[in-house]
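In: Provided below are the primary sequence and the corresponding predicted coordinates.
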Amino acid sequence: MIQFHPSRSKALEQLQSFVENHLGLYARDRNFDFGPEKRTNTSCLSPYVTHGILSENEIIKQSLKQYSFSKIEKFIQEVLWRTYWKGWLERRPSVWTDFINDLKYLKVDYESDKNLKAAVNGNTDIECFNDWVHELKDTGYLHNHTRMWFSSIWIFTLELPWQLGAEFFMRYLKDGDPASNTLSWRWTAGVQTKGKNYVAQKWNIKKFTNGRYEKVKLNENAVPIVSDKDYVQIDPELVNADYHDQKTLVIFDNQLSFETSDFNDTKFKKILIMKNNNLTRSIELDENLMNFKNDLLVDQENRLKDHYDVEVKDISFLNNLDTTDMVALYPGVGENLDFLNQNQIQIPYLFRSLDQMTNKYCNKGFFNFKNFIPKIISQIDA
Ligand SMILES: Cc1cc2nc3c(=O)[nH]c(=O)nc-3n(C[C@H](O)[C@H](O)[C@H](O)COP(=O)(O)OP(=O)(O)OC[C@H]3O[C@@H](n4cnc5c(N)ncnc54)[C@H](O)[C@@H]3O)c2cc1C
């Protein structure tokens, strides 16, 4: 059974092993879910990328050391999907706010819904779905194709709201990411690309689970969910604040590798690593996931403590501080930024150069973004 070790050293080992042994066959095999015991046909790096333990740049650079761009184009596209989703959400932050707000009334409406109860307990009439619920809870991970089938069954066969499914994923996924998760669920439902939904098919599940699931009864003729919401796009200014070694740097749980960041040559006076627990989140996380996150925070602290005055603190600690001499690695749309905004905590931000460079390409669909990938790669390499 797959296990994610909460440390950068293990993440680097996994990256190296995937690139050396499995990346060559990624394009051919990546869509197969061979089961939780056989997870080598994709990288399983997402929990590390979500927490900033590994960056997209690092993964791409390491991969290009071994293969030409054309040989691993598919993998690079997938790595940059998340960068694209992230940029897309930064340009339409109310998609996230609406999702969080919708949860409030949906939870009340569905409080005693039988389908919801059966779904979250892995107790439906659909064997594969039940197995995936248990796998998600046990491992904190599901294969990408399975996430597509899962979300489709949730929305179109069990007839549950996509928002509750997205919340369920966030509660357990070790790679739970506001942009990749929310936008993927919207995509399955047919509200991300309006009028185009993803409908899981029995033959497709059978083929790509290598025949593990044959008799799946699904609604295969579902029509897209209709939403009349249109989101106005903003053009965010990702300009770095002033920073120098007299400042305190604040880091959140999505950028936990300061030593490889764009700002690692500044000897900050102090580094504060922020822990965001369930009291300060809208979506309550599972205990295993919370422990995984906390171990990653401590791993970052341990890697920095010989060189910096560094401390892990509860995010609510920021409420009592004078933030004048602080800068923060920008946390991105999500729970950490929500906490800062709701508590009117103003800390000037430092942005990743990858996000600064790519955000403007996130204004349209991924097919448009893809055209800029060679340009993005050339700047990563520079
Ligand atoms: C409904 C649904 C919810 C999802 N929720 C999340 C989520 O919360 N967090 C998350 O990181 N991914 C999410 N994904 C995307 C994708 O399923 C995972 O990133 C992928 O399965 C991670 O496994 P891997 O590291 O082996 O991926 P690989 O196939 O090895 O890909 C390498 C890296 O590329 C990125 N990537 C790959 N596919 C995608 C994708 N479709 N979208 C965005 N990034 C991608 C990930 O960072 C991944 O680690 C979701 C997809 C769906 C359909």
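Out: Now that the structure is in, tell me what you want to look at. Numbers count the residues shown, from 1 in each chain.
In: list the buried ones in the helix or strand of the chain with the lowest mean pLDDT?
Out: Least confident helix or strand of the chain, by mean pLDDT, DSSP states H and E, is helix 373-381 with a mean of 91. By 16 or more other CB atoms under 10 Å, the buried positions in helix 373-381 come out as Ile373, Ile376, Ile377, Ile380. Yep, even glycine has a C-beta here, placed from its N, CA and C like the rest.
In: how about the helices in the stretch 1-150 of the chain?
Out: Assigned by DSSP state H, counting those that start in this stretch, the helices in the stretch 1-150 of the chain fall at 8-21, 26-29, 46-50, 56-66, 73-91, 94-109, 114-120, 127-139, 144-152.
In: Save these as CSV, and put in mean pLDDT, distance to the ligand and mean neighbour count too.
Out: Shown next, in CSV, are the helices of the stretch 1-150 of the chain (pLDDT from 0 to 100; distance: least, CB to the nearest ligand atom, whole Å; neighbours: other CB atoms under 10 Å):
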stretch, mean pLDDT, distance to the ligand, mean neighbour count
helix 8-21, 98, 7, 16
helix 26-29, 97, 7, 14
helix 46-50, 98, 3, 25
helix 56-66, 97, 7, 18
helix 73-91, 98, 3, 21
helix 94-109, 98, 13, 15
helix 114-120, 98, 14, 17
helix 127-139, 98, 11, 19
helix 144-152, 98, 3, 22
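In: Which of those sits closest to Glu311?
Out: helix 8-21 (18.6 Å; CB to CB).
In: That closest one - contacts with which helices or strands?
Out: Here helix 8-21 touches helix 46-50, helix 56-66, helix 287-304, going by 3 or more CB pairs under 8 Å, 6 or more residues apart in numbering; DSSP states H and E.
In: nearest to Met1, of those helices?
Out: Closest among these, once you apply CB to CB, is helix 287-304, at 13.0 Å.
In: Heading C-terminal from the closest one, find the next helix or strand.
Out: strand 310-314 (DSSP states H and E).
In: Next up, the contacts around Val298.
Out: Counting by CB atoms under 8 Å, 6 or more residues apart in numbering, Val298 touches Val312.
In: center of this protein, which residue is that?
Out: Nearest to the mean C-alpha position of the chain, by CA atoms, centre = their mean, lies Asp177 at 2.6 Å.
In: Identify the residue nearest that residue in space, chain neighbours excluded?
Out: Thr50 (4.7 Å; CB to CB, 6 or more residues apart in numbering).
In: Equivalent analysis for Leu183, please.
Out: Trp85 (4.9 Å).
In: Below-threshold pLDDT in the stretch 251-382 of the chain: ranges please.
Out: 381-382 (pLDDT under 70).
In: Would you pull up the residue in it closest to the ligand?
Out: Phe366 (9.2 Å; CB to the nearest ligand atom).
In: Give the burial count for that residue, as a bare number.
Out: When counting by other CB atoms under 10 Å, one arrives at 16 neighbours for Phe366.
In: Not counting sequence-adjacent ones, nearest residue to it?
Out: Nearest residue to Phe366, sequence neighbours excluded (CB to CB, 6+ apart): Tyr84, at 5.6 Å.
In: now swap in Thr146 and tell me
Out: Using CB to CB, 6+ apart, the closest residue to Thr146 is Asp33 (4.9 Å).
In: can I assume the one you found is in contact with Arg147?
Out: No - counting by CB atoms under 8 Å, Asp33 does not reach Arg147; the two are 9.7 Å apart.
In: just to revisit the earlier point, export the least confident helix or strand of the chain to PDB, keeping only CA atoms.
Out: The C-alpha trace of helix 373-381 is given here as PDB (Å, rounded to 0.1, in the frame of the first residue of the first chain):
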ATOM      1  CA  ILE A 373       4.900  25.400 -22.300                       C
ATOM      2  CA  PRO A 374       8.100  25.500 -24.400                       C
ATOM      3  CA  LYS A 375       8.600  29.200 -23.400                       C
ATOM      4  CA  ILE A 376       7.900  28.400 -19.700                       C
ATOM      5  CA  ILE A 377      10.500  25.600 -19.800                       C
ATOM      6  CA  SER A 378      13.100  27.800 -21.400                       C
ATOM      7  CA  GLN A 379      12.700  30.300 -18.600                       C
ATOM      8  CA  ILE A 380      12.800  27.600 -15.900                       C
ATOM      9  CA  ASP A 381      16.100  26.500 -17.400                       C
END
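In: what's that helix packed up against?
Out: Using 3+ CB pairs under 8 Å, 6+ apart, the elements in contact with helix 373-381 are helix 56-66, helix 73-91, helix 353-358.
In: and those as a markdown table, adding distance to Glu284?
Out: Listed next are those as a markdown table, based on distance: least, CB to CB, whole Å:
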| stretch | distance to Glu284 |
| --- | --- |
| helix 56-66 | 29 |
| helix 73-91 | 21 |
| helix 353-358 | 28 |
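In: Mark out where each domain of this structure begins and ends.
Out: As assigned by automatic domain parsing, the chain contains the domains 8-89+358-381, 95-208, 248-350.
In: Tabulate the helices of the stretch 1-150 of the chain in TSV, adding columns for distance to Gly190.
Out: Listed next are these as TSV, based on distance: least, CB to CB, whole Å:
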stretch	distance to Gly190
helix 8-21	33
helix 26-29	27
helix 46-50	24
helix 56-66	28
helix 73-91	17
helix 94-109	15
helix 114-120	19
helix 127-139	20
helix 144-152	10
